[in-house]
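Would you be able to build a 3D model of this:
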Amino acid sequence: MKILTNNATFKLVKKCLDILPKSDNVKYLSVIIVQVLLGFLDLVGVALLGLLGSLAIRGISYQQPGDRVNQVLNLLHLADSTLRFQITIIGLIATALLVIKSVLSLYLGKKTLFFLSRRSALLSSSLVNKLFSKDITVVQKDSIASRIYILTTGVDSITTGILGALALIIADTSLLIILSAGLFVVDPSMAILSIIYFSLLGYLLYIKMHLKVKVLGQEITDLTVDGNQKIQEIVTSYREVLVRNRRNFYSEIIGQTRFMTANANAELKYMSNFSKYMMELFVVIGGLGIAAYEFITQPASRAIAIISIFMATSTRIAPGILRVQQGLLGVKSQIGSATSTLELIDELKESL
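Numbering: from 1, shown residues only. Predicted coordinates:
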């Protein structure tokens with residue numbers, strides 16, 4: 001994870017965490033821990049889907065279940081049941097676990113973002129109060145448009161932009177580790193190949209885009225501030241603008257700024273879609289490669305069981321990698337506006 005090894009970014013994330021009161025930090029970290037533990041529901045669900053594939057192929061070929069399968073069937077008190085009943089119950093349990101995990105993750109993610117959004121509003125209010133309690137030289141140090149951006153969008157970048165993304169990154173990274181460990185227990189060679197394949201894919205996509213995303217994020221910040229500044233100028237000095245006949249000049253400048261901002265925003269959104277479709281493409285290619293490898297090196301019944309586990313795991317790993325990558329890119333894109341707000345916070349502390 002480059003975001004965790006990059007010293008400057010790590011310090012910035014730590015400063016964002018330090019802004020929250022200790023009680024809020026405890027709540028924030030508690031939710032992250034719960035989301036990490038939910039990854040084990042995915043692990044059990046995926047394992048049961050692999051068991052389902054093994055039962056199905058052995059039932060079709062009239063083979064007896066293996067030792068591991070028998071252990072699970074005995075644990076679920078299904079050893080003496082018919083094959084159809086076993087498949088039905090195991091399928092329902094696996095589906096229930098995966099659905100419950102997804103629903104709980106979605107619910108906790110929503111609660112986390114709402115929690116951080118409320119803290120963002122409180123932080124904005126607090127900063128406004130502290131800023132306007134200072135001398136006029138401190139208040140007017142930067143332009144009005146810049147101050148507005150720092151006190152609103154910049155605060156949102158710290159809370160929902162960086163801390164919100166960080167919670168999802170940690171949860172999804174832990175999920176990838178848990179599922180990879182489960183794969184290693186089932187088939188070490190497949191686990192190693194899968195880990196190398198998906199890690200390399202995620203890393204290459206991240207390397208390709210993270211610098212560009214950071215540049216685009218800073219560009220959007222600068223253009224937004226410049227555009228707001230021009231609008232403020234024309235509104236506050238409209239009479240002078242009218243007398244000097246400079247309305248067309250301001251209209252062209254504001255139009256150009258908005259056009260450039262729109263292009264940067266569109267490119268930023270396109271990059272997230274690019275990652276999604278590239279991940280889908282390479283999951284299919286990876287699945288075919290793993291299938292070929294397993295059928296060459298394993299008996300058909302075991303190969304199908306392992307492929308079932310791989311495909312089930314891929315439906316969790318691929319989106320997880322994509323969310324981690326987009327979370328990292330999201331943090332990069334928020335650094336510019338967050339840094340400005342953090343500098344204001346430090347400035348207000350120093351002037352106390």
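
hey, where'd the helices end up in the stretch 201-350 of the chain?
Ranges of helices within the stretch 201-350 of the chain are 238-243, 247-297, 300-350, based on DSSP state H, counting those that start in this stretch.

quick check: angle from the second one to helix 300-350?
On the basis of axes from the mean of the first three to the mean of the last three CA atoms, to 10 degrees, helix 247-297 is oriented at 150 degrees to helix 300-350.

Show me how far helix 247-297 is from its chain's centre.
Distance of helix 247-297 from the chain centroid (CA atoms, centre = their mean, to the nearest Å) equals 15 Å.

quick one on the thing from earlier: the helices of the stretch 201-350 of the chain: lowest mean pLDDT?
With a mean of 69, helix 238-243 has the lowest mean pLDDT of those.

Tell me which of the helices of the stretch 201-350 of the chain sits most buried.
Sort these by mean neighbour count, taking mean count of other CB atoms under 10 Å, and helix 300-350 sits at the top with a mean of 21. (Each C-beta comes from the backbone N, C-alpha and C, glycine too.)

can you give me the offset of it from its chain's centre?
4 Å.

same question, stretch 165-172
Distance of stretch 165-172 from the chain centroid (CA atoms, centre = their mean) equals 6 Å.

Alpha carbons of that stretch, as PDB, please.
Extracted in PDB, the C-alpha atoms of stretch 165-172 (Å, rounded to 0.1, in the frame of the first residue of the first chain):
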ATOM      1  CA  ALA A 165     -12.000   6.400   2.200                       C
ATOM      2  CA  LEU A 166      -9.500   5.200   4.800                       C
ATOM      3  CA  ALA A 167     -12.200   3.200   6.700                       C
ATOM      4  CA  LEU A 168     -13.200   1.400   3.500                       C
ATOM      5  CA  ILE A 169      -9.500   0.800   2.500                       C
ATOM      6  CA  ILE A 170      -8.700  -0.900   5.800                       C
ATOM      7  CA  ALA A 171     -11.900  -3.000   5.700                       C
ATOM      8  CA  ASP A 172     -11.300  -4.100   2.100                       C
END
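
Out of the helices of the stretch 201-350 of the chain, which gets nearest to residue 36?
helix 300-350 (12.3 Å; CB to CB).

Nearest residue to residue 73 in space, please, no chain neighbours.
For residue 73, ignoring the flanking residues on the chain, the nearest one in space by CB to CB, 6 or more residues apart in numbering is residue 79 at 4.4 Å.

Between the helices of the stretch 201-350 of the chain, which one is closest to residue 199.
helix 300-350 (8.2 Å).

mind checking pLDDT for the closest residue to residue 348 other than its chain neighbours?
Nearest non-adjacent residue to residue 348, counting by CB to CB, 6+ apart: residue 130, 4.9 Å away. With respect to pLDDT, residue 130 scores 80.

In three-state terms, label residue 130 for me.
At residue 130 the chain is in helix, as set by DSSP: H, G, I helix; E, B strand; the rest coil.

Residue 116 versus that one, what's the distance?
Here the criterion is CB to CB, to the nearest Å. By it, residue 130 lies 20 Å from residue 116.

Report whether the expected contact of the residue nearest to residue 348 with residue 347 is present.
No - here residue 130 lies out of contact with residue 347, judged by CB atoms under 8 Å, at a distance of 10.0 Å.

Below-threshold pLDDT in the stretch 101-250 of the chain: ranges please.
138-140, 143, 145, 210-211, 214, 235, 238, 241 (pLDDT under 70).

Surely residue 321 and residue 176 touch.
Yes - using CB under 8 Å, residue 321 is in contact with residue 176, at 6.7 Å.

what residues are shared contacts of the two?
residue 198 (CB atoms under 8 Å, 6 or more residues apart in numbering).

picking up where we left off before, surely the residue nearest to residue 73 touches residue 70?
Yes - if you go by CB under 8 Å, residue 79 and residue 70 touch, sitting 6.6 Å apart.

for the helix or strand that residue 191 is a member of, packing partners?
Using DSSP states H and E, residue 191 falls within helix 188-236. In this structure, helix 188-236 makes packing contacts with helix 144-151, helix 164-186, helix 247-297, helix 300-350, judged by 3 or more CB pairs under 8 Å, 6 or more residues apart in numbering; DSSP states H and E.

nearest to residue 37, of those helices?
For residue 37, the closest of the helices and strands packed on helix 188-236 is helix 164-186, at 8.7 Å, according to CB to CB.

re earlier: give the burial count for the residue nearest to residue 73, as a bare number.
Neighbour count for residue 79, taken as other CB atoms under 10 Å: 14.

Check the one 4 residues further on too.
Around residue 83 sit 14 other residues, with neighbours defined as other CB under 10 Å.

Need the helices and strands packed on helix 188-236 in a markdown table (columns: distance to residue 234).
Output for these, formatted as a markdown table (distance: least, CB to CB, whole Å):
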| stretch | distance to residue 234 |
| --- | --- |
| helix 144-151 | 12 |
| helix 164-186 | 35 |
| helix 247-297 | 5 |
| helix 300-350 | 24 |
